[in-house]
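> Return atomic coordinates for the entry below.
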Amino acid sequence: MNKIIGIGHNQTPSEVTDELIKETVKSVVISSFDSWKENKLKKGIDTEHVILEIIAPKERLIATIIQSLQTSLGQKLWEKLTKELAKLNSFEVCDKKDFFKPKTEHFKYIIEKWKTKREDNNITLKDYVKDLKKENKKYKKKSKETKKIKIPKGDGLDVWLKKDNINYLLEIKSPHINAGNGNDFSHKLMKQYFYHLFWNPESKVKAQLAIPYNPFNEPYEKAEKGRISPLIKNEDYLVDNDFWKFITGNKNSMKLLKEAIIELKEDGDLYEKITSLVDHFKNN
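Purely as a prediction, here's the structure:
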């Protein structure tokens, strides 16, 4: 049986159970909240609004706390949840500190060439990867040892997974895409392929965006058409249940994730913690 390299496919037949997915979601959400609460109690609420602080101080305080919580339960929570669920499905979670950029400008022309091609033609990155590997082989024959340098801010990974000898370089993104961001994300994926393949030219690798949920009442690719281009669904990015199915092997992953959040709400404990924190700052 031939192995397929691609997001949305688990090479090893495996599946995280419904119960374990829900338990993990609840655990990650609660631990993320507790970490945020500890930080807020330590540092306090230091954001003020010159007008609202006078007109509606109580409402301003609540809005500031909720906005802080919303930010905290964003990127970091999705990263942690991705890693925890991936480990349950036999993925290896690799150390991002081992992801380096080579100190050379030699490959810049290839990246720019394919960046332009892609923006003009909405093509996949398969031929770009082939071109990159071919040039890398030539470069290694002629060049001396190339120095490893730290990845520039903004070009790094969020999560690096490995399974069945395939590397998955994940960039977790908010579902709301600004105009022109599709080209920026495409460029970043190209650089991540380059950084990885320079050191591991024979590696099987897939760089992709992970969009944890779809907030729209229509297919994501339709809602964000134009903004997400030239990225190709199920090739360069996975969204909503397609992403969590890839991570867990469970076809009902997003449904289970939402059920876990609803159960946390119905339990009431987490809500009480939020309101008690608001009361703490209102009374101090």
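> Was I right to think residue 136 contacts residue 197?
Yes - the criterion here is C-beta atoms under 8 Å, and residue 136 meets it with residue 197 at 6.4 Å. C-betas here are computed from N, CA, C, even on glycine.
> Kindly export stretch 208-226 (C-alpha atoms) in PDB.
C-alpha atoms of stretch 208-226 as PDB (Å, rounded to 0.1, in the frame of the first residue of the first chain):
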ATOM      1  CA  GLN A 208       0.800  24.000   6.100                       C
ATOM      2  CA  LEU A 209      -1.500  26.400   7.900                       C
ATOM      3  CA  ALA A 210      -3.900  25.000  10.500                       C
ATOM      4  CA  ILE A 211      -7.100  27.000  11.000                       C
ATOM      5  CA  PRO A 212      -8.800  25.600  14.200                       C
ATOM      6  CA  TYR A 213     -12.400  26.500  13.400                       C
ATOM      7  CA  ASN A 214     -14.700  28.100  10.800                       C
ATOM      8  CA  PRO A 215     -16.600  31.000  12.200                       C
ATOM      9  CA  PHE A 216     -18.700  31.500   9.000                       C
ATOM     10  CA  ASN A 217     -22.000  30.100   8.000                       C
ATOM     11  CA  GLU A 218     -20.700  28.900   4.700                       C
ATOM     12  CA  PRO A 219     -17.600  26.900   3.500                       C
ATOM     13  CA  TYR A 220     -14.400  28.600   4.700                       C
ATOM     14  CA  GLU A 221     -12.800  28.700   1.300                       C
ATOM     15  CA  LYS A 222     -15.900  30.500   0.000                       C
ATOM     16  CA  ALA A 223     -16.100  33.000   2.800                       C
ATOM     17  CA  GLU A 224     -12.400  33.900   2.600                       C
ATOM     18  CA  LYS A 225     -12.000  33.600  -1.200                       C
ATOM     19  CA  GLY A 226      -9.500  36.100  -2.400                       C
END
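> How far off centre is it?
Taking C-alpha atoms, centre = their mean, to the nearest Å, the mean C-alpha location of stretch 208-226 is offset from the chain mean by 14 Å.
> how about the strands in the stretch 101-250 of the chain?
Remark: strands assigned in the stretch 101-250 of the chain by DSSP state E, counting those that start in this stretch are 101-102, 148-149, 159-163, 166-172, 204-211, 237-239.
> Next, the buried residues of the biggest helix by length in the chain.
Looking across the chain with DSSP state H, the single longest helix is helix 18-43. Using 16 or more other C-beta atoms under 10 Å as the test for burial, helix 18-43 gives 18, 20-22, 24-26, 28-29, 32-33, 36-37, 40.
> again, but for stretch 277-284
Buried, per 16+ other C-beta under 10 Å, within stretch 277-284: 277, 278.
> what residues does that stretch touch?
Stretch 277-284 is contacted from outside by 37, 40, 41, 44, 45, 58, 61, 62, 65, using C-beta atoms under 8 Å, 6 or more residues apart in numbering.
> still on that earlier bit, which strands and helices sit next to the longest helix of the chain?
Helices and strands touching helix 18-43, by 3 or more C-beta pairs under 8 Å, 6 or more residues apart in numbering; DSSP states H and E, are helix 57-72, helix 75-88, helix 253-267, helix 269-282.
> Just give me the neighbour total for residue 231.
Residues contacting residue 231 under the criterion other C-beta atoms under 10 Å number 23.
> Return the backbone torsion pair for it.
When read as degrees, to the nearest 10, the backbone of residue 231 gives phi -70, psi 140.
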